[in-house]
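In: pasting a predicted model and its sequence here:
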Amino acid sequence: MGVRADMSFVFVFTECPPGHLLALRQWGFHIVATVDCPGLEKVVDVKSYIRDKFAVVVGDKGLAEELRVGAVDVGEVEEFLRWLSGEGARLFKAALQ
């Protein structure tokens, strides 16, 4: 499967994320969870949900391996958001144009 320009990127959390990570939405990322979390869509059938999306599972390497997608932990997502909010902002915005 190739990457299309209109392909969306989704972070799939297996636990409720810290509230400040919802700021990823400002950058166009989708955030969902496999559990009930305030303000997030709960996804039961993750495999179907991520079809035609670029997905990263946060907090469960086993699930990521099963789905054949990337895996990160909350700390790595926080680091990515800090990068986006700082030096990465210019680069990321330029890439979206």
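Out: In hand now; what should we look at?
In: and the residue nearest the centre of the chain, how close does it get to Asp60?
Out: Here the mean C-alpha position of the chain is nearest to the C-alpha of Phe11 (Cα atoms, centre = their mean), at a distance of 1.7 Å. Plainly put, Phe11 is 12 Å away from Asp60 if you go by Cβ to Cβ, to the nearest Å. No exception for glycine: its C-beta is placed from N, CA and C like everyone else's.
In: now swap in Pro17 and tell me
Out: Where Asp60 is concerned, Pro17 sits at a distance of 13 Å (Cβ to Cβ).
In: show me where the protein dips below the pLDDT cut-off.
Out: 1-7, 91-97 (pLDDT under 70).
In: all strands of this protein, in order?
Out: Ranges of strands in the chain, per DSSP state E, are 8-13, 30-33, 41-42, 53-58, 70-72.
In: so which of the ones you listed gets nearest Leu81?
Out: strand 8-13 (10.3 Å; Cβ to Cβ).
In: and the closest one, how far out from the chain's middle?
Out: Offset of strand 8-13 from its chain centre (Cα atoms, centre = their mean, to the nearest Å): 3 Å.
In: any idea of the angle it forms with strand 53-58?
Out: Angle, strand 8-13 to strand 53-58, by axes from the mean of the first three to the mean of the last three Cα atoms, to 10 degrees: 20 degrees.
In: adjacent strands (with direction) for strand 8-13?
Out: strand 30-33 (parallel), strand 53-58 (parallel) (DSSP bridges).
In: which among those strands is found nearest to Asp73?
Out: Smallest distance to Asp73 across those (Cβ to Cβ): 6.9 Å, for strand 53-58.
In: next, count neighbours for the closest residue in space to Asp73 that isn't next to it in sequence.
Out: Closest residue in space to Asp73, ignoring its immediate chain neighbours: Gly59 at 6.3 Å, by Cβ to Cβ, 6 or more residues apart in numbering. Gly59 has 18 neighbours, counted by other Cβ atoms under 10 Å.
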